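> Here is the input, now give the coordinates:
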Amino acid sequence: MGSILLQEGLIYPISNEPFEGDILIENGKISQIGKNLDLKADKAINVKNKYIFPGFIDAHSHIGLFEEGVGGSYQDGNEATDPTTPQVRAIDAFYPEDAAIRRALAGGVTTVMVVPGSANPIGGQGAILKLNSQITDESILREPSGLKMALGENPKRVYGSSNKTPSTRLGNAAVIREYFTKVINYRRKKETAQKEGKPFNDIDLKLEIGEKVLKREIPARIHAHRKDDILTAIRLSEEFGFDLVIEHATEAYKIADFIKEKNIPLILGPIFGFRTKLETRDMSYESIKIINEKGILASLMCDHPVIHLEHASIQAATALRYGAKEEDLLKMLTINPAKILGLEDRLGTIEVNKDADLVVWSGHPFDPRSYVEKTLINGKVVYEAE
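Numbers count the residues shown, from 1 in each chain. Here you go, the predicted model:
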């Protein structure tokens, strides 16, 4: 892979103040950053008066699962035939030719965590992908990277309409509790076999992934809008001892001090749009400001395709009107999701030795007139404005 020198750009490292300078990319990594670097590279690109940001990260997306332009009956986001489907994997349905992927790159998004939908209390395994290849397996950063779960109205609606469990919030929690109780018993059987020196041949794919959650190898990623559902998610995590990330967290602002005390990360969003569901009735545009002022680790999601991923910067910019700080919002698109995903050593800031996932903007991404001129992933240009 050849070296690239980006020259004279306005660099927003996220980790410190912006400055005008150069970035040398070698072997897919950022190798040098500075002013007036007198270096030779295979390719030099002058980006004077352009803005250079780390690639944006969306830590909760359905891109490639709920594909654009094919209609609802062809979607692969929910295996809504059983409330407990931990064995299904997002990568097995991810479609690299989803038209939304190129548009996401045109919006500066380079990395996503793709998760199943929220039809089931136990929905399936998510995967962290870079949007850099037509071969899914070449895009994977970590898989499985979390077990998607859901509380609230979605599982109630899906199964209650068929007069099946769960039809209530009581049922949602009971399904999750029953599942992890089975996982505990499964672990005990394994441990007993190991102590007795016997082979364990009763492999259960449904329970294997739950074991990873209980071992804290991957977190539970629980969809919860209302504060009662958020509290239930925290209660379950403490009861069974697993790591937790709250997805959506619409009413987290109501119990922000409690969430801060519990040190639970949040993936907030979507933050604008119609309040179409009971759970989003109390959605507040000021929630971003409140959560950040409390010092809670939080990132922003578009919940693509609810808000198209290409508009990640526009959604974030909307929060400026309601008191959120630019610095906080930029972190919510970059280093904060990298931390939540456990990839802050590789992604989220412009620093030496990090992956060269960089976006060249015509102006500041919070200006709606700005557009992406180039998107690079691992030092390779994967999108260029026509």
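
> Now do the contacts for Met202.
If you look again at residue 202, you'll see it is Asp, not Met. Lys189 (CB atoms under 8 Å, 6 or more residues apart in numbering). Every residue, glycine included, has its C-beta placed from N, CA and C.

> now Leu129
For Leu129, the contacting residues are 64, 91, 94, 111-114, 136, 139-141, by CB under 8 Å, 6+ apart.

> Double-check that it belongs to a helix.
No. Leu129: not assigned to a helix; according to DSSP: H, G, I helix; E, B strand; the rest coil it is strand.

> From Ser145, how far out is it?
9 Å (CB to CB, to the nearest Å).

> Quickly list what's touching both of the two.
Common contacts of Leu129 and Ser145, defined by CB under 8 Å, 6+ apart, comprise Met113.

> ok, back up a step: can you flag which of the contacts of Leu129 belong to strands?
In this view, the contacts of Leu129 that belong to strands under DSSP state E are 111-114, 140-141.

> if we can go back for a sec, so which of the contacts of Leu129 wins on neighbours?
Counting neighbours by other CB atoms under 10 Å, Val112 leads the contacts of Leu129 with 32 neighbours.

> surely that residue meets His62?
No. If you go by CB atoms under 8 Å, Val112 and His62 don't touch, sitting 9.3 Å apart.

> now Ala338, what's its secondary structure?
Under the three-state scheme (three-state DSSP), Ala338 adopts helix.

> what's around it, how many residues?
Residues near Ala338, counting by other CB under 10 Å: 23.

> Repeat that for Ile184.
Residues near Ile184, counting by other CB under 10 Å: 14.

> State the three-state secondary structure for it.
Classified using three-state DSSP, Ile184 is helix.

> Test my guess that it contacts Leu214.
Yes. Taking contacts as CB under 8 Å, Ile184 lies within contact range of Leu214: 7.2 Å.

> Overlap of the contact sets of those two?
Phe240.

> dump the residue contacts of the residue nearest to the spatial centre of the chain.
Central residue of the chain (CA atoms, centre = their mean): Ala59, 0.8 Å from the mean position. Shown in contact with Ala59 (CB under 8 Å, 6+ apart): 112-113, 245, 267, 299, 301, 337, 340-341.

> wait, is it part of a strand?
Yes. The assignment for Ala59 is a strand, going by three-state DSSP.

> tally of neighbours for the nearest residue to it once chain neighbours are set aside?
Nearest non-adjacent residue to Ala59, counting by CB to CB, 6 or more residues apart in numbering: Pro337, 4.0 Å away. Per other CB under 10 Å, the neighbour tally for Pro337 reads 30.

> got it, and Asp303?
So Asp303, with other CB under 10 Å, has 23 neighbours.

> Give me the secondary structure label for the residue lying closest to it once chain neighbours are set aside.
The spatially closest residue to Asp303, leaving aside those adjacent along the chain, is Pro270, at 5.0 Å (CB to CB, 6+ apart). For Pro270, the secondary structure call by three-state DSSP comes out as coil.

> which SS state does Lys206 fall under?
Under three-state DSSP, the three-state class of Lys206 is helix.

> ok, it - contacts?
Contacts of Lys206 by CB under 8 Å, 6+ apart are 84-87, 179.

> Go again with 6 Å.
Residues counted as contacts of Lys206 (CB atoms under 6 Å, 6 or more residues apart in numbering) are 86-87.

> now swap in Gly171 and tell me
The contact partners of Gly171, taken as CB under 6 Å, 6+ apart, are Thr165.

> how about a cut-off of 10 Å?
Counting by CB atoms under 10 Å, 6 or more residues apart in numbering, Gly171 touches 83, 121, 155-156, 159-160, 164-165.

> Among the residues you listed, name the ones in helices.
Per DSSP state H, helices hold the following members of the contacts of Gly171: 155-156, 159-160.

> Could you rank those residues by neighbour count and give me the top one?
Greatest neighbour count in the ones in helices among the contacts of Gly171, by other CB under 10 Å, goes to Pro155: 29 neighbours.

> shouldn't that one be in contact with Pro121?
Yes. Using CB atoms under 10 Å, Pro155 is in contact with Pro121, at 5.1 Å.

> shared neighbours of the two, anything?
What both Pro155 and Pro121 touch, as defined by CB under 10 Å, 6+ apart, is the set 83, 149, 165-166, 171-172, 175-176, 223.
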